[in-house]
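# Below are the sequence and a predicted model for it; my questions follow.
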Amino acid sequence: MSNSMSRSPQKSYLDRLLKPESTSGTELESRPTEGVGTPLLTRSNSLERIASGELKQVTQIRVDPNRCRIWEGNGRNYGTLNYARCEDLILSMIAEGGQKVPALVRKLKNDPHHDYEVIYGTRRHWATSWLRTNNYPDFVFLAEVRDVDDEAAFRLADLENRARVDISEFERARNYAMALPLHYDNRQSKMAERLNISKGLLSKMIAFANISDSILGAFTAVNEISLRQGYGLAQATSEEFSRDRAVQEARKITEENHTLVQEGKGGVPTATVLARILKAASGQGEMPTEPRRFLYQGKPVLTLLGENRSGLRFQIHAGTDADLDVILEYVTNIIKASGLASVKHD
């Protein structure tokens, strides 16, 4: 018999042995696997292992969800939750007579309105709250109580949420970007090591998260954007001039979305928005309706008259204090942003 097979019955036995009838359970911490033939645990040696720290009691509570607030470091955007996003969980809880899988919370101090803070399990919290106000007032929020600091809370929530398909890659990326300066001193290598993910993956997620809100505002369903698409958009808008073009197109799309919503229609599809913004950022969109001026010390040094796939048209102004190096820098940046610099001629 394998070690894992021999320990499984012992763990089940220990859980039943130490779990009071009301509100507490036990958690067996990781330890070296014992050899075959280990005697069954008894109450006396179990209590000794709790005292030594080998076993740790974990308190479970059943509480009114109104007495719990959501931790701001949680990866899920609580404000975007609604019945549609929680319907499967709500129906499951009704069928099973309540919540079966506990969330994770920590005890609060000096908050007269809340007793606990939800580390993970926000969808379970939302579903329970909804059920209590919709014909199921006896439903309660089930949670385990842990004493953890913010960095540990972030890692626990991240591990829990990685397996959740209902958390978007954008939500996770924004959560990582928020945690980077708070817990890891803006050191991506340190954060990647602590989370056990690759540096490349973390770098892409941070880039995705840092896309301008002026661009993301054009998407009616930003959570539909995948990491691959988001990273591509971040790269396409990394230069100032390409980003400016993308923002201009995003504003047009936002106005279109507003009109469509007023007409009772859905917004512009995510794939269409993405394609239009990428096209605008690359300089392959329509020529600007108005010339763009670039100033140096308050005076126009260069005006971009038009741009398309064929090339650029601009005017360099005389009578400024800009020297040749300044003018060439403006021209170089415009050409780089347009993508023409990457075109190879035979």
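Structure received. Small disclaimer: the values here were computed from a predicted structure and weren't measured. Numbers count the residues shown, from 1 in each chain.

# wait, isn't Ser168 in contact with Ala221?
No - under the criterion of Cβ atoms under 8 Å, Ser168 is not in contact with Ala221, lying 9.3 Å apart. C-beta here means a position set from N, CA and C on the backbone, and glycine is covered the same way.

# Mind checking which of those two has more residues around it?
Comparing Ser168 with Ala221 by other Cβ atoms under 10 Å, the one with more neighbours is Ser168, at 22 against 14.

# show me where the protein has strands.
Assigned by DSSP state E, the strands in the chain fall at 24-28, 55-63, 68-70, 103-107, 116-120, 141-145, 292-296, 299-308, 311-316.

# And the ones you listed: which comes nearest Asn134?
Nearest to Asn134 among the strands of the chain is strand 141-145 (15.2 Å), distances taken as Cβ to Cβ.

# CA atoms only: put that closest one into PDB for me.
Coordinates of the C-alpha atoms in strand 141-145 are reproduced here as PDB (Å, rounded to 0.1, in the frame of the first residue of the first chain):
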ATOM      1  CA  PHE A 141     -22.000  32.800   4.900                       C
ATOM      2  CA  LEU A 142     -19.700  29.900   5.600                       C
ATOM      3  CA  ALA A 143     -16.000  30.800   6.000                       C
ATOM      4  CA  GLU A 144     -12.700  29.700   7.600                       C
ATOM      5  CA  VAL A 145     -11.000  32.300   9.800                       C
END
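
# what angle separates that strand from strand 103-107?
60 degrees (axes from the mean of the first three to the mean of the last three Cα atoms, to 10 degrees).

# Relative to Leu202, how far out is the residue nearest to Ala207 when sequence neighbours are not counted?
Spatial nearest neighbour of Ala207, excluding adjacent residues (Cβ to Cβ, 6 or more residues apart in numbering): Ala234 at 4.0 Å. Noted for Ala234: a distance of 13 Å to Leu202, by Cβ to Cβ, to the nearest Å.

# picking that back up, in this structure the residue nearest to Ala207 contacts Ser212, no?
No - contact criterion Cβ under 8 Å: Ala234 and Ser212 do not qualify, at 9.6 Å.

# ok, these two, which is more surrounded?
Taking other Cβ under 10 Å, Ala234 and Ser212 do not tie; Ala234 has more neighbours (20 against 13).

# give the contact list for the more buried one.
207-208, 210-211 (Cβ atoms under 8 Å, 6 or more residues apart in numbering).

# Next step: the residues you listed restricted to helices.
Among these, the ones falling in helices (DSSP state H) are 207-208.

# The contacts of Ala234, buried ones only, as a PyMOL selection?
Buried residues among the contacts of Ala234 (16 or more other Cβ atoms under 10 Å), as a PyMOL selection:
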select buried, resi 207+208+211
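
# just the angle between the lengthiest helix in the chain and strand 299-308, please?
Using DSSP H to define each element, the chain has its longest helix at helix 240-262. Orientation of helix 240-262 against strand 299-308 (the same axes, to 10 degrees) gives an angle of 60 degrees.

# Residue ranges of each domain in this protein, please.
Listed by automatic domain parsing, the domain ranges of the chain are 3-62, 64-167, 214-281, 292-342.

# Out of those, which gets nearest to Ser189?
Going by Cβ to Cβ, the one of these nearest Ser189 is domain 64-167, 15.7 Å.

# Please work out the average pLDDT along the closest one.
Domain 64-167 carries an average pLDDT of 91.

# can you check stretch 266-278 too?
Per-residue pLDDT values over stretch 266-278 give a mean of 91.

# Let me have the strands of the chain in JSON lines, extended by mean neighbour count and distance to Asn82.
Formatted as JSON lines, those follow (neighbours: other Cβ atoms under 10 Å; distance: least, Cβ to Cβ, whole Å):
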{"stretch": "strand 24-28", "mean neighbour count": "15", "distance to Asn82": "32"}
{"stretch": "strand 55-63", "mean neighbour count": "15", "distance to Asn82": "23"}
{"stretch": "strand 68-70", "mean neighbour count": "20", "distance to Asn82": "15"}
{"stretch": "strand 103-107", "mean neighbour count": "20", "distance to Asn82": "19"}
{"stretch": "strand 116-120", "mean neighbour count": "23", "distance to Asn82": "18"}
{"stretch": "strand 141-145", "mean neighbour count": "21", "distance to Asn82": "18"}
{"stretch": "strand 292-296", "mean neighbour count": "15", "distance to Asn82": "41"}
{"stretch": "strand 299-308", "mean neighbour count": "17", "distance to Asn82": "42"}
{"stretch": "strand 311-316", "mean neighbour count": "14", "distance to Asn82": "47"}
